[in-house]
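Enquirer: No sequence on hand, only this structure:
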């Protein structure tokens, strides 16, 4: 795609981000700028609501804050393992998918297997960040730490939200209270993800099953250079048969493919196409057959056509909640990285200062921060560079 054609294809997305940048620049005197590209607009919006909630449920909120500490440290261990595993895979497992990628709604990132649709991404990110910051605010207020400001934050053209507890009051509190306030944001993201998954399992998925029939599967993306692409498999084409067996849903496809080994031929077909695919070893498990297809989806049809319009709105909302759940989990874990000013970093820094003393603890934490910043830069930019230069 040429530069001009890319501009034309994404003109409305570029216009939206340009308007955001213009607003921030034009009203720059109303913003507090940090690190030159982070703009904070401070308000008191929502503080009264958080105060009422925290006061009414103070004991429960404090207990949740304590639970959040354990969950946050487990999350930190998981994300650290994930980062190191991703670093190993990047250099020692050919064609392994990247483990980290920037999230810019509506903008495809070279080398990233994930594309976040524009409006889904914009709305979902805002919901996720509001939930995250509200978690910090409510737990702080329940522990008698004043919240000075809430507000809107712009990370370049991306919109978020923030809550500012009073730092002087926070430092006077016990270590446990400080840990609970730091951990509350990521834990709020975990709770949000869990709530959405429960909604899907208990309500939304049964509702969909009761009103839709699955008539096949399709793939959102066919990976370049992998067996499916070499065999001519098409993205968004509905397929109904694998090795002569009917596949009306994703579960059918996965169950058949689970028994396929590298080097075997499989036939994927519908009424119009038939593709013979020679599998290769999966990047995650070389003993499993791999086609090189991503974003496997059910093709569904509504049983009652009269419900088409309301169910179209319902499915849009369902899709939004899917992105909220995914981004909530991802942002919650990202905030538990042991670096800089993020929540996991503040927890680890406080721990190291208590264990090693203030000066030595800060020195150790600075080195850990530098290491993880370097790892993240490599994990983000090496896949992008590879995709751009065609490696």
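Expert: In hand now; what should we look at? As the structure is a prediction and not an experimental result, all values here were calculated from the model.

Enquirer: buried set for the helix or strand where residue 64 lies?
Expert: Using DSSP states H and E, the element containing residue 64 is helix 58-92. By neighbour count on 16 or more other CB atoms under 10 Å, the buried set for helix 58-92 is 61-62, 64-65, 68-69, 71-73, 75-76, 79-80, 83, 86-87, 89-90. (C-beta placed from N, C-alpha, C; glycine too.)

Enquirer: residues in contact with residue 224?
Expert: With contact set as CB atoms under 8 Å, 6 or more residues apart in numbering, residue 224 has no partners.

Enquirer: Next up, phi/psi of it, please.
Expert: Torsion angles at residue 224 (phi, psi; degrees, to the nearest 10) stand at phi -70, psi 130.

Enquirer: Can you pull out the low-pLDDT segments for this protein?
Expert: Residue ranges of the chain with pLDDT under 70: 1-8, 35, 157, 390-391.

Enquirer: Domain map for it?
Expert: Residue ranges for the domains of the chain, per automatic domain parsing: 25-205+324-389, 224-291.

Enquirer: Save these as a markdown table, and put in distance to residue 299 too.
Expert: Compiled in a markdown table, the domains of the chain are given as follows (distance: least, CB to CB, whole Å):
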| stretch | distance to residue 299 |
| --- | --- |
| domain 25-205+324-389 | 16 |
| domain 224-291 | 5 |
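
Enquirer: Compare the ones you listed and report which one is nearest to residue 217.
Expert: For residue 217, the closest of the domains of the chain is domain 224-291, at 5.3 Å, according to CB to CB.

Enquirer: ok, which stretches of the stretch 151-300 of the chain are helices?
Expert: Remark: helices assigned in the stretch 151-300 of the chain by DSSP state H, counting those that start in this stretch are 167-172, 175-199, 205-211, 227-230, 250-257.

Enquirer: Out of those, indicate the one that is most buried.
Expert: helix 175-199 (a mean of 21; mean count of other CB atoms under 10 Å).

Enquirer: and that one with helix 58-92, angle?
Expert: 80 degrees (axes from the mean of the first three to the mean of the last three CA atoms, to 10 degrees).

Enquirer: elements contacting helix 175-199?
Expert: helix 58-92, helix 118-142, helix 167-172, helix 308-334, helix 343-356 (3 or more CB pairs under 8 Å, 6 or more residues apart in numbering; DSSP states H and E).

Enquirer: and if we set it to 7 Å?
Expert: helix 58-92, helix 118-142, helix 308-334, helix 343-356 (3 or more CB pairs under 7 Å, 6 or more residues apart in numbering; DSSP states H and E).

Enquirer: Take these and write them to TSV, including distance to residue 15.
Expert: Compiled in TSV, those are given as follows (distance: least, CB to CB, whole Å):
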stretch	distance to residue 15
helix 58-92	35
helix 118-142	11
helix 308-334	22
helix 343-356	34
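
Enquirer: so which of these gets nearest residue 178?
Expert: Comparing the helices and strands packed on helix 175-199 by their distance to residue 178 (CB to CB), the top pick is helix 343-356, with 6.1 Å.

Enquirer: picking that back up, quick one, which of the helices and strands packed on helix 175-199 gets closest to residue 203.
Expert: That would be helix 308-334 among those, by CB to CB, at 10.5 Å.

Enquirer: Residue 265 is nearest to which of the helices and strands packed on helix 175-199?
Expert: Per CB to CB, nearest to residue 265 of these: helix 58-92, 27.9 Å.

Enquirer: Report the inter-axis angle for the closest one versus helix 118-142.
Expert: Going by the same axes, to 10 degrees, helix 58-92 makes 130 degrees with helix 118-142.

Enquirer: Quick one: closest of the helices and strands packed on helix 175-199 to residue 301.
Expert: helix 308-334 (10.2 Å).
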